[in-house]
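In: Give me a model of this one.
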Amino acid sequence: MDSLSEELLDQIISEAVSPLPNRHSAGYHDLLSISMVSRKFRRIVEPYLYRSVVIFENNRDKLLRTTFSRTELPQYIREIFLAHLHDVAREASCLAARFPSLHKLDLDLTSCKLSDLLPVLQLPSLTALGLSGMVARRIADPGPDDWRITNTAITSLDMSFSDPADWWEDCNEIWKFAAVFRNLRILSIHSDYEPERKHALNGPVFRCLVHAFRHVFETSLRSFTFGYNDIHHGYLHQGDATISDALDARAILKQSHLEHLKIDTMCLHRPRQTENLRSLELGPSCLPSSLRTLYLRHLVAAGNLNPIERNLMHSDEAQCLSQLVNLGTRRARFPHLDKMALAISLPVFFEDVAARILKVQARKVKLHLELILMSAWDYVSDDITRSWPEYDAIRDPRQPFYDPTLPLMNNAALQQQAMTRPSMRNPVGGGLKKGIDSLTRLLERKIDRQILTVQTRAYDASAPSPAPPANAGTKHIYS
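Out: Model prediction:
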């Protein structure tokens, strides 16, 4: 390993360390282990160690002293996450002036108001902003200079919210905040999670925020993610009627120029939907034709199904699944769409029906289609990796190694399964062996994902087309 050129080692490490340490994972252990192998490794790894920095109250002063004493380090720092600091906005402004290469700030706003961010929004070098602990508020008339700024430098915005004290439609501060951004290309909205409760992002919140950011939807926005997570689906939200009368998020979504979209199908429903069938709401009419990638999460409504009936294949919920998969066949409607993922949460008694529908309809789809079956326990999980899962072949009913028990598992079963899996980490000690093991682990994680993707695509390409069913002449809802 030490005989490889620095250029090749740098390329290997740059591929292996993605993602860099961030608010969700502040671990530097593998990078530190690699840097201790030799001086050569230290020179290569050091820029990656300081590229993304997580700053807490207890390490702030030490970091500043280190960067003062070693003048080459500030140029490496490109991303900073500030957590649990009293005056986050002031700290962010000071750090931006000290680190000239800084282009991304990730701020914990638990102890701040949105108006405290005004100095941060005027930093010219900032192109990406992450905000956690945001609370939408209702404010009185702002001062003459408040919120009268515009920002064209920030192109990526990631926000997580806590529940507001007022109804969302009354929280005018978020509207003023959204109006500042004139050149956003990436917008991601999700919820703050606390040990005791989960802050709700539902249909009314979706409509409110889409309307607040209407300007960027109509102009510059190309990627949008909304982490819907309300198990009550907004039915208990007393402001729902007000939002439904005033705001039209579906029309804004359709007229946008989005290329990448990740939402729950509950966001596509009309407010207070009581008369129409769900299948009439989930068509392509409210999706933009410019889409290149689409991730839809869908909850099969168990309340609309009777498990003792024999005609579940003809139910409206079955029709919903059929329509969702058929989005991939609408080439005239979505000429640029080349990848679609469907994460479907379903009740136990509907798993066999859903698997048959998805397999039959997927034969017509010519683009890259990822099918992910998940349980109702996954859908309501606080773990984002479970509630918004990535593709895994064992969850795809088209694959020969599909595991039909996965959608049936509850939390305890999944935890037990995870405990029985062998760990990739082996305890080793110091020096070159420890550094190489750390680098190997990083590479294994990346390579395993690539191998699984290649194997899955190879199987899809080589598998013979199944014979038509014996009752092919009979018209079914999934045919």
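In: contacts and neighbour counts: CA atoms only from here.
Out: Noted.
In: Would you double-check that E370 falls in a strand?
Out: Yes - counting by DSSP: H, G, I helix; E, B strand; the rest coil, E370 is found in a strand.
In: Look up how far A301 lies from it.
Out: Distance from E370 to A301, counting by CA to CA, to the nearest Å: 21 Å.
In: Kindly report the same for S256.
Out: Counting by CA to CA, the gap from S256 to A301 is 29 Å.
In: excluding its backbone neighbours, what's nearest L117?
Out: Among residues not flanking L117 along the chain, A89 sits closest, at 5.7 Å (CA to CA, 6 or more residues apart in numbering).
In: For the one you found, what is the enclosing helix or strand?
Out: Under DSSP states H and E, the secondary-structure element containing A89 is helix 88-98.
In: do L126 as well
Out: Assigned by DSSP H and E, L126 belongs to neither a helix nor a strand.
In: tally of neighbours for the nearest residue to it once chain neighbours are set aside?
Out: In space, not counting the residues next to it along the chain, L126 is nearest to H103; the distance is 4.4 Å by CA to CA, 6+ apart. Here the number of neighbours of H103 (other CA atoms under 10 Å) works out to 20.
In: ok, now the one 10 residues further on?
Out: The local packing count at K113 equals 15, with neighbours defined by other CA under 10 Å.
In: And it, how far from Q361?
Out: As defined by CA to CA, K113 lies at a distance of 49 Å from Q361.
In: what do you get for D163?
Out: Between D163 and Q361 the computed distance is 40 Å (CA to CA).
In: Could you do K40 as well?
Out: When distances are taken as CA to CA, K40 and Q361 turn out to be 55 Å apart.
In: Where do the helices of the stretch 101-250 of the chain begin and end?
Out: Counting by DSSP state H, counting those that start in this stretch, residue ranges of the helices within the stretch 101-250 of the chain are 172-180, 203-212, 214-218, 240-246, 249-255.
In: about what we covered before: what are the contacting residues of the helix holding A89?
Out: Surrounding helix 88-98, the residues in contact under the criterion CA atoms under 8 Å, 6 or more residues apart in numbering are 74, 82, 102, 105, 107-109, 112, 116-117, 119-120, 123.
In: Sort out which of these are buried, if you could.
Out: With burial judged by 16 or more other CA atoms under 10 Å, the buried subset of these is P74, L82, L102, L105, L107, D108, L109, C112, L117, V120, L123.
In: What sits closest to the third one if chain neighbours are left out?
Out: Leaving aside its sequence neighbours, L102 sits nearest to R78 (CA to CA, 6+ apart; 4.0 Å).
In: can you pull the pLDDT of the one you found?
Out: pLDDT recorded at R78 is 90.
In: residues in contact with it?
Out: With contacts defined as CA under 8 Å, 6+ apart, the neighbours of R78 are R51, S52, F99, S101, L102, H103, K104.
In: in the protein, which spans are strands?
Out: Under the criterion DSSP state E, the chain contains strands at 52-55, 79-82, 104-108, 128-135, 156-162, 186-191, 223-226, 260-264, 293-299, 339-345, 368-374.
In: Check those for me: which has the lowest mean pLDDT.
Out: If those are sorted by mean pLDDT, strand 52-55 sits at the bottom with a mean of 84.
In: got any ranges where the chain has weak pLDDT?
Out: Within the chain, the stretches falling below the threshold (pLDDT under 70) are 1-2, 15-29, 141-145, 193-199, 232-246, 271-276, 283, 406-479.
In: Same list, the strands of the chain, but as a markdown table with distance to V353 please.
Out: As requested, those are arranged in a markdown table below (distance: least, CA to CA, whole Å):
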| stretch | distance to V353 |
| --- | --- |
| strand 52-55 | 47 |
| strand 79-82 | 46 |
| strand 104-108 | 44 |
| strand 128-135 | 40 |
| strand 156-162 | 36 |
| strand 186-191 | 32 |
| strand 223-226 | 29 |
| strand 260-264 | 21 |
| strand 293-299 | 15 |
| strand 339-345 | 13 |
| strand 368-374 | 12 |
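In: Any idea which of the ones you listed gets closest to R331?
Out: strand 339-345 (12.1 Å; CA to CA).
In: How far does that closest one sit from its chain's centre?
Out: Per CA atoms, centre = their mean, to the nearest Å, the displacement of strand 339-345 from the mean C-alpha position of its chain is 13 Å.
In: and the angle for that strand with strand 293-299?
Out: Taking axes from the mean of the first three to the mean of the last three CA atoms, to 10 degrees, one finds strand 339-345 and strand 293-299 inclined to each other by 10 degrees.
In: In strand 339-345, which residues are buried?
Out: Of the residues in strand 339-345, those with enough neighbours to count as buried (16+ other CA under 10 Å) are K339, M340, A341, L342, A343, I344, S345.
In: Reformat those residues as CSV; add distance to T152.
Out: Putting these into CSV (distance: CA to CA, whole Å) gives the following:
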residue, distance to T152
K339, 30
M340, 31
A341, 32
L342, 34
A343, 35
I344, 38
S345, 39
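In: picking up where we left off before, distance check, the residue nearest to L117 against D352.
Out: According to CA to CA, A89 and D352 sit 53 Å apart.
In: More neighbours: those two, which one.
Out: Neighbours per residue, other CA under 10 Å: of A89 and D352, the larger number sits with A89, 23 against 12.
In: Can you get me a residue count around the residue nearest to R292 when sequence neighbours are not counted?
Out: Counting by CA to CA, 6+ apart, L337 is the residue found nearest to R292 once chain neighbours are left out, at 4.0 Å. For L337, the number of neighbouring residues by other CA under 10 Å comes to 22.
In: just how off-centre is stretch 162-177 within its chain?
Out: The chain centre lies 23 Å from the centre of stretch 162-177; the measure is CA atoms, centre = their mean.
In: List the buried residues of it.
Out: Residues of stretch 162-177 classed as buried by neighbour count (16+ other CA under 10 Å): 162-164, 167-177.
In: any chance you could map the helices in the stretch 251-400 of the chain?
Out: Counting by DSSP H, counting those that start in this stretch, the stretch 251-400 of the chain has helices at residues 316-326, 351-362, 376-379, 384-387.
In: From the contact counts, what lies against the third one?
Out: Helices and strands in packing contact with helix 376-379 are listed as strand 339-345, helix 384-387; criterion 3 or more CA pairs under 8 Å, 6 or more residues apart in numbering; DSSP states H and E.
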